[in-house]
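Engineer: could you work out the structure for the sequence below:
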Amino acid sequence: MSDISRRDVLRTLGLAIVSGAIADRAMAQQVHDMVMGAQTAGGGAYTPVALTPHEFQTLERLTDLIIPVENGAPGAVQAGCAAWIDMLAGANDRLKTIYTDGIAWIDRAIAKSGPTDFVRATPDQQTALLDLIAYRKNQSEELAPGITFFTWVRRMTVDGFYTSRIGMPDIYPGNRPQVAFTVPQDAIDYALKRSGL
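Structural biologist: Numbering: from 1, shown residues only. Modelled structure (predicted):
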């Protein structure tokens with residue numbers, strides 16, 4: 001991929017995300033490929049382009065809390081969601097500002113309970129803060145910036161995960177014949193319970 005088309009992909013996808021549009025799957029996958037290329041060039045480690053090392057570490061922890069490893073299935077960290085978000089933020093000033101300001105807010109908010117920043121907080125302290133900002137029903141003047149930021153992180157983590165090679169099979173197993181179809185009864189029961197039917 002040439003540098004011009006690479007920049008165009010990052011800029012176009014970044015603008016789409018900022019405007020609230022649905023992320024283009026093909027472009028999102030190209031960004032994942034760019035991340036993998038950057039990791040290979042960096043000797044296996046991704047070097048952030050938009051965030052500081054501390055901000056990147058915080059973002060990586062947030063993505064891990066949003067989509068953790070479950071039942072042996074890989075999560076957001078293994079899918080490279082933080083690097084995917086960072087690469088897009090490196091090409092879009094608004095995204096960069098959202099993440100740098102949001103991570104600063106998270107660090108200030110967690111410092112009120114003792115730790116110096118989010119990464120150094122205990123898992124219980126981290127989830128307690130996220131439980132406050134994960135729901136719009138907790139909206140207050142004090143929590144509003146955190147709620148807005150966490151909405152961005154959650155949305156982009158999900159976009160990054162389900163457009164990655166790791167997350168894509170969760171939603172689309174591919175054009176392969178299936179021996180049997182298993183009805184996801186838990187999902188159906190949950191949907192029926194929520195619908196009131």
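Engineer: what is the mean pLDDT for the strand or helix carrying V35?
Structural biologist: Using DSSP states H and E, V35 sits in helix 25-41. Averaged across helix 25-41, the pLDDT comes to 81.
Engineer: compute the number of surrounding residues for T157.
Structural biologist: Here the number of neighbours of T157 (other Cβ atoms under 10 Å) works out to 24. Just so you know, the C-beta spots here come from the backbone N, C-alpha and C atoms, and that holds for glycine as well.
Engineer: quick one: residues contacting it.
Structural biologist: Residues counted as contacts of T157 (Cβ atoms under 8 Å, 6 or more residues apart in numbering) are 62-63, 66-67, 76, 81, 85.
Engineer: re earlier: export the helix holding V35 to PDB, keeping only CA atoms.
Structural biologist: These are the backbone C-alpha positions of helix 25-41, laid out as PDB (Å, rounded to 0.1, in the frame of the first residue of the first chain):
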ATOM      1  CA  ARG A  25     -15.100  -3.000   7.300                       C
ATOM      2  CA  ALA A  26     -12.600  -3.100   4.400                       C
ATOM      3  CA  MET A  27     -10.900   0.100   5.500                       C
ATOM      4  CA  ALA A  28     -10.900  -1.000   9.100                       C
ATOM      5  CA  GLN A  29      -9.100  -4.200   8.100                       C
ATOM      6  CA  GLN A  30      -6.600  -2.200   6.200                       C
ATOM      7  CA  VAL A  31      -5.800  -0.300   9.400                       C
ATOM      8  CA  HIS A  32      -5.400  -3.600  11.200                       C
ATOM      9  CA  ASP A  33      -2.900  -4.600   8.400                       C
ATOM     10  CA  MET A  34      -1.000  -1.300   8.900                       C
ATOM     11  CA  VAL A  35      -0.800  -2.000  12.700                       C
ATOM     12  CA  MET A  36       0.600  -5.400  12.000                       C
ATOM     13  CA  GLY A  37       3.100  -3.800   9.600                       C
ATOM     14  CA  ALA A  38       4.100  -1.300  12.200                       C
ATOM     15  CA  GLN A  39       4.500  -4.100  14.800                       C
ATOM     16  CA  THR A  40       6.700  -6.100  12.400                       C
ATOM     17  CA  ALA A  41       8.800  -3.000  11.700                       C
END
